[in-house]
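>>> Next input, structure requested:
(one chain, ligands or ions: 1)
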Amino acid sequence: MSGHDGADKADGADGSDTGDGNRTTGTDGGSLGRVTPEELTAESPFTLPGFFAALAERRLLGGRCTECDTVLIPPRPACYACGSREIAIEELSKTGEIVTYTEVARPAPAFEADAPLTIAIVELDSGARLTGRVAADYDAVEIGTGVSLTVRDLTEKEREFALDHEEEWPLHVFEPT
Ligand SMILES: [Zn+2]
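Below is the predicted model:
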């Protein structure tokens, strides 16, 4: 005797629900809520192409887990902290501060011309952390330096080394504020 799982009780159902099985009760109220595999098209913000398409328009999208408040960049269909699939898409602030940083003397060939590079993990105002280049010398930044995320297209040289599907993806760079 299992059967009903109570998923529909919020409706105060009058008993007319014939409960034909597999329907998923979404979160009402306009949140994106659960994502089905069919919804994961290239345009979806839950996919990397969708995330980068928004980034090219200077919008930083994240997913916020409505269960534990973890922010996921890029957005994923399930929370990697608690496993919940109740993820809401949000446009996030692009400012934050450097948590840790390093210098890369010999970067990948596409970025050779810019060496040495400063690479940092930045904690954004949303609490999410994002790794990226910093447009400053290693000696010019420190832990706690405020930065703002900017976006630029790839250079010709960078394009040569990019995988086909990455050629249209912009590069994010943190600028000290
Ligand atoms: Zn979570």
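>>> Going by C-alpha atoms from here, please, whenever you check contacts or count neighbours.
Will do.
>>> what's the burial count for residue 172?
20 (other Cα atoms under 10 Å).
>>> sec struct for it, please.
Here residue 172 takes the strand state, with states given by DSSP: H, G, I helix; E, B strand; the rest coil.
>>> these two touch, right, it and residue 135?
No. When contacts are counted by Cα atoms under 8 Å, residue 172 is not listed as touching residue 135 (10.2 Å).
>>> shouldn't residue 72 be in contact with residue 81?
No. Counting by Cα under 8 Å, residue 81 is not a contact partner of residue 72; they are 9.3 Å apart.
>>> Looking at those two, which is more packed in?
In this comparison of residue 72 against residue 81, neighbours counted by other Cα under 10 Å, the higher total goes to residue 72 at 26 against 13.
>>> what's near enough to touch that one?
Residue 72 makes contact with 62, 63, 64, 65, 79, 80, 128, according to Cα atoms under 8 Å, 6 or more residues apart in numbering.
>>> among these, which are within reach of the ion?
65, 79 (Cα under 5 Å from the ion).
>>> Quick one: the helices in the chain, in order.
Assigned by DSSP state H, the helices in the chain fall at 48-56, 156-161.
>>> what pairs with residue 150 across the strands?
Bridge pairing for residue 150 (DSSP bridges) gives the partners residue 173.
>>> and stretch 97-106, what's its mean pLDDT?
Taken as a whole, stretch 97-106 carries a mean pLDDT of 96.
>>> got it, and stretch 52-69?
Summarised as a single mean, pLDDT over stretch 52-69 is 93.
>>> Surely residue 148 is in contact with residue 122?
No. Taking Cα under 8 Å as the contact criterion, residue 148 and residue 122 are not neighbours in contact, 9.5 Å apart.
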